[in-house]
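Peer 1: Sharing a model that was predicted from the sequence below.
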Amino acid sequence: MNYLISIVIGLGVGLLYGALDFRSPAPPAIALLGLLGMLAGEQLWPLGRQLIAGWIS
């Protein structure tokens, strides 16, 4: 369900950008790399906490 909500919101924003003739702030390749970085950071955060907790204890 989260994927469906995400794609619907993304399509809505894309349609709004198109209707307002507004250019995306970043080229698509750069935007996708930014999203990839966000996903990697989201996945690495719990791993980092576990590593630090292991070092402390």
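Peer 2: Looks like it came in fine.

Peer 1: what helix or strand does the residue most central in space within the chain sit in?
Peer 2: By Cα atoms, centre = their mean, the chain has its centre lying nearest to L35, at 3.8 Å. Taking DSSP states H and E as the definition, L35 sits inside helix 28-56.

Peer 1: Quick check: the gap between the residue nearest to the centre of the chain and A29.
Peer 2: 11 Å (Cβ to Cβ, to the nearest Å). C-beta coordinates here come from the backbone N, C-alpha and C atoms, glycine included.

Peer 1: cool, and A40?
Peer 2: 16 Å.

Peer 1: Next: Q43.
Peer 2: For Q43 relative to A29 (Cβ to Cβ), the value is 21 Å.

Peer 1: Kindly report the same for S57.
Peer 2: Counting by Cβ to Cβ, the gap from S57 to A29 is 43 Å.

Peer 1: Then L15?
Peer 2: Distance from L15 to A29, by Cβ to Cβ: 21 Å.

Peer 1: same question, V13
Peer 2: From V13 to A29 the distance is 18 Å (Cβ to Cβ).

Peer 1: again, but for L47
Peer 2: 27 Å.

Peer 1: that older thread, what about S57 and A29, which has more around it?
Peer 2: Per other Cβ atoms under 10 Å, whichever of S57 and A29 has more neighbours is A29, with 8 against 5.

Peer 1: neighbours of Y17, just the number please.
Peer 2: The burial count for Y17: 13, using other Cβ under 10 Å.
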